[in-house]
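[1] Structure, please.
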Amino acid sequence: MAEASGVVTVEKVRGRSTVTRCFFRYPLKLILPKKVGASQVDAVWIYALSYGGGIVSGDKISCKISIGDQCTASVTTQASTKVYKSVGSKFSEQILEARIGEEAFLALIPDPVTCFSTAKYDQKQSFRIVSSSNLVVVDWITSGRYQSGERWDFTSYKSTNCVYLDNDRPVFIDSSKAEAHTKSNKGRSKENDVCTATPPYYFFWSICKIGNSTRPYCSRSCSFMQYIWPPGNGFSDPCRGNKHRGCVCILANPSFFLGDVSGCSTLLPIWIVNIRNNVICCMCD
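    Next up is the predicted model:
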């Protein structure tokens, strides 16, 4: 990766997780609030922002994060990541490289990506863990500015998440891509490719949880999905048994408003996999 837009290092200082290095430059801004949770909770919160409230066409944001042994950190945002309209062939790009040490915990829980009309966005996130690391990654996208009449109206969207064990052994690789073909490309409109292919969904989630410390979250998620999944549809609890190292869930929501999710009737699990002995195992269709 070229010179990073941001660098964050979290290490143990006097027995507590502490940011020992923080660097950022335009177009990235990092905020480290001191009072987020209870004082007895040993965790660092990192807020990633962009100047102007979004990512401009041609912007390339890269960030490196290192979580030291037995440290806990959460990386999030203050609002949805807005990707503005593209100019010519320019892409907006975000790259994240994270290393998680022994018995360390990293939670990447940003607000969703919202691509404006004609936006072109490419996101790459890689995580390097050891056998005792703990990781939660939430990667999600909305259909766009729905209230402005934009629904899956972007030109290109791609998101890739890779988790490697001991630097080079792939544990989890997930790549999502949505691309609209214009009339000059195979004679089809954007709506025929993206919008028509994704009804009636307004959100897509990808959730990856790895590590023994994530077990309570895995069990909670699976209990929730067993509740909303219609009986007899082949759902199998990926957290059953005591050997699991985590789980991966792909979810879709046909309602635009997040508040509707609380009703447990609109969230649709597409597939769920289990991680046993650091190997991905598919649990249901």
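[2] where are the low-confidence patches of the stretch 151-285 of the chain?
    Scanning the stretch 151-285 of the chain with the threshold set as pLDDT under 70 gives 181-201, 214-285.
[3] Can you give me the pLDDT of the closest residue to V138 other than its chain neighbours?
    Leaving aside its chain neighbours, V138 sits nearest to I109 (4.9 Å; criterion: C-beta to C-beta, 6 or more residues apart in numbering). Bear in mind the C-beta positions are built from the backbone N, C-alpha and C, glycine included. On the pLDDT scale, I109 is placed at 91.
[4] so where do the helices sit in the protein?
    Assigned by DSSP state H, the chain shows helices spanning 190, 215-228.
[5] and the residue nearest to V138, what does it touch?
    I109 makes contact with 74-76, 136, 138 under the criterion C-beta atoms under 8 Å, 6 or more residues apart in numbering.
[6] can you check V19 too?
    By C-beta under 8 Å, 6+ apart, the contact list for V19 reads 8-10, 32, 44, 46.
[7] got those residues as TSV, with neighbour count columns?
    Listed next are the contacts of V19 as TSV, based on neighbours: other C-beta atoms under 10 Å:
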residue	neighbour count
V8	24
T9	17
V10	25
L32	12
V44	22
I46	22
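[8] What's the local residue count around the closest residue to F24 other than its chain neighbours?
    For F24, ignoring the flanking residues on the chain, the nearest one in space by C-beta to C-beta, 6+ apart is G6 at 4.0 Å. G6 is flanked by 19 other residues according to other C-beta atoms under 10 Å.
[9] measure G6 to S133 for me?
    Look at G6 and S133: by C-beta to C-beta, to the nearest Å, they are 21 Å apart.
[10] picking that back up, wait, which of the contacts of V19 is closest to G211?
    Using C-beta to C-beta, V10 comes nearest to G211 of the contacts of V19, at 16.2 Å.
[11] Settle this for me: the closest one is touching S66, isn't it.
    Yes. Judged on C-beta atoms under 8 Å, V10 makes contact with S66 at a distance of 6.9 Å.
[12] Break the protein down into its domains, please.
    Domains of the chain are assigned by automatic domain parsing as 1-198, 200-285.
[13] Same list, the contacts of V19, but as CSV with distance to S159 and pLDDT please.
    What follows is those, written out as CSV (distance: C-beta to C-beta, whole Å; pLDDT from 0 to 100):
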residue, distance to S159, pLDDT
V8, 21, 98
T9, 25, 98
V10, 24, 98
L32, 26, 95
V44, 25, 94
I46, 20, 96
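[14] Would you format these as CSV with distance to T160 included?
    Shown next, in CSV, are the contacts of V19 (distance: C-beta to C-beta, whole Å):
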residue, distance to T160
V8, 21
T9, 24
V10, 24
L32, 27
V44, 26
I46, 21
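[15] And those residues, which two are furthest apart?
    Between all members of the contacts of V19, the farthest pair (by C-beta to C-beta) comes out as T9 and L32, at 11.8 Å.
[16] joint contacts of these two?
    Shared contacts of T9 and L32, defined by C-beta under 8 Å, 6+ apart, comprise 19, 22.
[17] The contacts of V19 in strands, which ones?
    Of those, the ones assigned to strands by DSSP state E are 8-10, 44, 46.
[18] Closest one to R16 out of those residues, please.
    V44 (8.9 Å).
[19] so what's the closest residue to the closest one other than its chain neighbours bridging to?
    Spatial nearest neighbour of V44, chain neighbours left out: A73 (4.5 Å); criterion: C-beta to C-beta, 6+ apart. When bridges are called by DSSP bridges, A73 pairs up with V44, L106.
[20] is it true that A73 touches Y47?
    No. A73 lies out of contact with Y47 (C-beta under 8 Å); the separation is 11.6 Å.
[21] who's more crowded, these two?
    For A73 versus Y47, neighbours defined as other C-beta under 10 Å are more numerous around A73 (23 against 16).
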